[in-house]
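Peer 1: Everything below, folded, please.
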Amino acid sequence: MEDAPRFGQRSSDPVIPCPRHPQNRVVSTCKRCGRGTCSDCTIHTEVGTICPECANESTRARIRRPQSLRGQSVTTWLLIITVIVSAAAMLYRPIQGTLLYAPIVSAAEPWRLLSVALVHGGIVHLGLNMLTLYIVGTPVERALGAWRYLVLYASSAIGGSLFVLIWSLIDRTALLTATVGASGALFGLFAAVFVLQKTAGADTRAITILLVINLAYGFLVSGVSWQAHLGGLITGGIVTLILVKLSRPKRGKTASQQGKTSALASIAIFVVLFALNYGLYSLAIG
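Peer 2: So this is what the prediction gives:
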């Protein structure tokens, strides 16, 4: 039996190069496939380490089997709740008066920043928005997962309302202008599609053209809140970038640790949005 090398003496064991980074030596093996990993591509989990390929396979598996609430996707629940609330508001107008958004009540009734997405101006308005939610929201939910998708949708709706409030700093009459609809949230979903495609290296020309057309429509047609569209778009893009960056596998961090970081970041997003609400409101009425 060969003696173990003493301090300062070379080991007779061969140095195994990493299959992904040949300049680095293997320091661990994937618990799933057994392939070697170097210090640059080892991904830690709660019960060992895995390679980037297996981590990607795990991510794709989660995408194929999205989380759901009682067997239904978040998109389906959002659609059902919005249709029920909007229909009730059309039949009983005081409901719409309680949930619509107007900058003048931003501080006293901050829930309106979000509840505005639940009421609509008519059947056509509701139908078009819900069709868009189903078509665009379903793939975005599959890509982000249920709770990240819900954070995106809610924050985009709030961001759309905040841009209506920002506009009241320029046009004081806008303080009393009421807005309804989920357009801000939906533009956030459009922004998410763009960000997800861009980060994946996919062709973004189609979604870019769609965004330009829809934004132009808001500017050219009266009675449409282009401010909410723009606000939802910008907010949705920023939130998606944050969530995507925090969800990527990182060396030295487990999936559980990254999930906690994403949850804290999501809380911080809403804290910032509501803080902006109070700050902008003070400026608007000052």
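
Peer 1: Can you tell me the SS state at the closest residue in space to residue 54 that isn't next to it in sequence?
Peer 2: Once flanking residues are discounted, residue 54 sits nearest to residue 32: 4.5 Å by C-beta to C-beta, 6 or more residues apart in numbering. Every C-beta, even on glycine, is put in place using the N, C-alpha and C of the backbone. Under DSSP: H, G, I helix; E, B strand; the rest coil, residue 32 falls in the coil class.

Peer 1: For residue 32, give me its contacts.
Peer 2: Neighbour list for residue 32: 50, 51, 54 [criterion: C-beta atoms under 8 Å, 6 or more residues apart in numbering].

Peer 1: By neighbour count, which of those wins?
Peer 2: residue 50 (26 neighbours; other C-beta atoms under 10 Å).

Peer 1: how much space between that one and residue 25?
Peer 2: Here the criterion is C-beta to C-beta, to the nearest Å. By it, residue 50 lies 18 Å from residue 25.

Peer 1: for residue 18, same thing?
Peer 2: The separation that residue 18 has from residue 25, given C-beta to C-beta, amounts to 7 Å.

Peer 1: ok, now residue 39?
Peer 2: Distance, residue 39 to residue 25, using C-beta to C-beta: 9 Å.

Peer 1: List the contacts of residue 269.
Peer 2: Counting by C-beta under 8 Å, 6+ apart, residue 269 has contacts 151, 155, 239, 242.

Peer 1: which residue packs closest to the last one, ignoring adjacent ones?
Peer 2: Translated: residue 242. Closest residue to residue 242 apart from its sequence neighbours, by C-beta to C-beta, 6+ apart: residue 265 at 5.9 Å.

Peer 1: pretty sure the one you found contacts residue 239?
Peer 2: No - in terms of C-beta atoms under 8 Å, residue 265 does not count as a neighbour of residue 239; the distance is 9.3 Å.

Peer 1: Neighbour count: those two, which is higher?
Peer 2: When neighbours are counted by other C-beta under 10 Å, residue 265 and residue 239 differ, and residue 239 comes out ahead with 27 against 15.

Peer 1: Who are the packing partners of the helix or strand where that one lies?
Peer 2: Under the criterion of DSSP states H and E, residue 239 resides in helix 226-247. Helix 226-247 is packed against helix 123-144, helix 146-167, helix 183-199, helix 205-220, helix 255-285, with contacts defined by 3 or more C-beta pairs under 8 Å, 6 or more residues apart in numbering; DSSP states H and E.

Peer 1: Output the third one as CSV, restricted to C-alpha atoms.
Peer 2: This means helix 183-199. What follows is helix 183-199, C-alpha atoms only, in CSV (Å, rounded to 0.1, in the frame of the first residue of the first chain):
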residue,chain,number,x,y,z
SER,A,183,-54.3,47.3,-17.7
GLY,A,184,-51.3,48.3,-15.4
ALA,A,185,-50.9,44.7,-14.2
LEU,A,186,-51.2,43.4,-17.8
PHE,A,187,-48.5,45.8,-19.1
GLY,A,188,-46.4,44.4,-16.3
LEU,A,189,-46.9,40.9,-17.8
PHE,A,190,-45.9,42.2,-21.2
ALA,A,191,-42.7,43.6,-19.7
ALA,A,192,-42.1,40.3,-18.0
VAL,A,193,-42.3,38.5,-21.4
PHE,A,194,-39.8,40.9,-22.8
VAL,A,195,-37.4,40.5,-19.9
LEU,A,196,-37.7,36.7,-19.9
GLN,A,197,-37.1,36.5,-23.6
LYS,A,198,-34.2,38.9,-23.4
THR,A,199,-32.4,37.1,-20.6
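
Peer 1: Show me what it is packed up against.
Peer 2: Counting contacts by 3+ C-beta pairs under 8 Å, 6+ apart, helix 183-199 packs against helix 123-144, helix 146-167, helix 205-220, helix 226-247.

Peer 1: Now that helix: buried residues?
Peer 2: 183-198 (16 or more other C-beta atoms under 10 Å).

Peer 1: Same check on the shortest one?
Peer 2: Buried residues in helix 205-220, counted by 16+ other C-beta under 10 Å: 207, 211, 214, 215, 218.

Peer 1: ok, for the fourth one, nearest residue in space, not its chain neighbours?
Peer 2: Spatial nearest neighbour of residue 215, chain neighbours left out: residue 229 (6.0 Å); criterion: C-beta to C-beta, 6+ apart.
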